[in-house]
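[1] Take this sequence and fold it.
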Amino acid sequence: MPQIPDSQPKVETPERWHHAHAFKFKTGLTWLILLSLLLGTFSKMGLDWSLIGQKLPFLLGLRLSPDGFIQGAALTIMITACSMFFCLLIGLITALGRMSENALAFGCATFYASLFRGTPLLVQVLIIYLALPQVGIVLGALSSGIIALSMNYGAYLAETIRSGVLSVPRGQQEAALALGVSRWTVAVHVTAPQALRIIIPPAGSMFISMLKDSSLVSLMGLWELNFLAQSYGRSTYRYMEMLATAAAIYWIMSIVLELLQSRLERRFAQGQRR
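    A predicted model of the protein is given here:
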């Protein structure tokens, strides 16, 4: 006999509260131990900490480049933020095209997704920056990097959005429309909240990957974090110090995105828990 789901919300008992906080404490302690082991390993490598302290403001982007433009991690964050914004727009439009019954819209969406998912991001960056000028389209290094990241990740995000929308039972949408609710209201208040629970985890992972893949713009001479780390490593012959510092900065930025993703997941999972 199938069990009838309990319609009453779960009560936050003292035992459940204690278990949750004990779990968080053990997790934090595990992180602390592993981080201590990692730092202990690096401390035995004879790193030049004074050099790291000297170059850290430039790697973080606290100092401007010689031409007065932002550099380092600040430039990396700007490139990632712009790419995320355009990626969301492209992914949403492509997902709508993939779900469209219009043959032209469906064909364009599937062709674009197949093209940008089927070719390497590095090749796309080089084509946009180096090959397009041969046909008269000249783009700057910054705009080329943002366009390449947006177009590449937009193709992947479109499939994530489409899978999230299709996971919502169609009967809910039909019931809302039968009650006279507009399609826009159904999309915003019925479909979107449920689809976002499915979309946010993989989308968050993609944006973290985008943050790291933004290092590819260093090929075009932009003074972002990876470019500066390699440049300082070559000039000082201390690659380990510079690359390890850059890796730590990338990790910290990724942790910030992970925390934001976790917060959004909890926000849109509230209705399901209730």
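[2] Near Ala74, how many other residues are there?
    Look at Ala74: counted by other C-beta atoms under 10 Å, it has 18 neighbours. Bear in mind the C-beta positions are built from the backbone N, C-alpha and C, glycine included.
[3] separation between it and Ser150?
    Using C-beta to C-beta, to the nearest Å, Ala74 is found at 20 Å from Ser150.
[4] what does Asp213 give?
    To Ser150, Asp213 is 12 Å away according to C-beta to C-beta.
[5] Looking at those two, which is more packed in?
    Shown here are Asp213 and Ser150; by other C-beta under 10 Å, Ser150 has more neighbours (23 against 20).
[6] Skipping adjacent residues, who's closest to that one in space?
    Sequence neighbours aside, Phe86 is the residue nearest to Ser150 in space, at 3.8 Å (criterion: C-beta to C-beta, 6 or more residues apart in numbering).
[7] which residues touch that neighbour?
    Residues near Phe86 by C-beta atoms under 8 Å, 6 or more residues apart in numbering: 146-147, 150, 154.
[8] Stretch 229-237: which residues count as buried?
    Neighbour counts over stretch 229-237 (16 or more other C-beta atoms under 10 Å) mark 229-230, 232-233 as buried.
[9] ditto for stretch 63-78
    Under the neighbour-count criterion of 16+ other C-beta under 10 Å, stretch 63-78 has 70-78 buried.
[10] likewise stretch 147-167?
    147-162, 164-165.
[11] Please apply the same query to stretch 167-178.
    Using 16+ other C-beta under 10 Å, the residues of stretch 167-178 that count as buried are 168, 173, 176.
[12] Equivalent analysis for stretch 44-56, please.
    Residues 52, 55 are the ones in stretch 44-56 that count as buried (16+ other C-beta under 10 Å).
[13] List the residue ranges of the stretch 101-250 of the chain that fall below the pLDDT cut-off.
    For the stretch 101-250 of the chain, no stretch is flagged by pLDDT under 70.
[14] circling back to that earlier point, out of the buried residues of stretch 229-237, who's nearest Ile52?
    Closest to Ile52 out of the buried residues of stretch 229-237 is Tyr232 (9.8 Å), distances taken as C-beta to C-beta.
[15] OK, contacts around the closest one?
    Listed by C-beta under 8 Å, 6+ apart, the contact partners of Tyr232 are 55, 58-59, 238, 242.
[16] Walking through the protein, point out its helices one by one.
    Residue ranges of the helices in the chain, as given by DSSP state H, are 14-43, 49-60, 72-98, 103-117, 121-126, 141-166, 170-178, 183-186, 192-213, 225-236, 239-268, 270-273.
[17] Mind putting these into JSON lines with distance to Gln134?
    Formatted as JSON lines, the helices of the chain follow (distance: least, C-beta to C-beta, whole Å):
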{"stretch": "helix 14-43", "distance to Gln134": "46"}
{"stretch": "helix 49-60", "distance to Gln134": "35"}
{"stretch": "helix 72-98", "distance to Gln134": "24"}
{"stretch": "helix 103-117", "distance to Gln134": "19"}
{"stretch": "helix 121-126", "distance to Gln134": "12"}
{"stretch": "helix 141-166", "distance to Gln134": "14"}
{"stretch": "helix 170-178", "distance to Gln134": "48"}
{"stretch": "helix 183-186", "distance to Gln134": "44"}
{"stretch": "helix 192-213", "distance to Gln134": "25"}
{"stretch": "helix 225-236", "distance to Gln134": "25"}
{"stretch": "helix 239-268", "distance to Gln134": "33"}
{"stretch": "helix 270-273", "distance to Gln134": "52"}
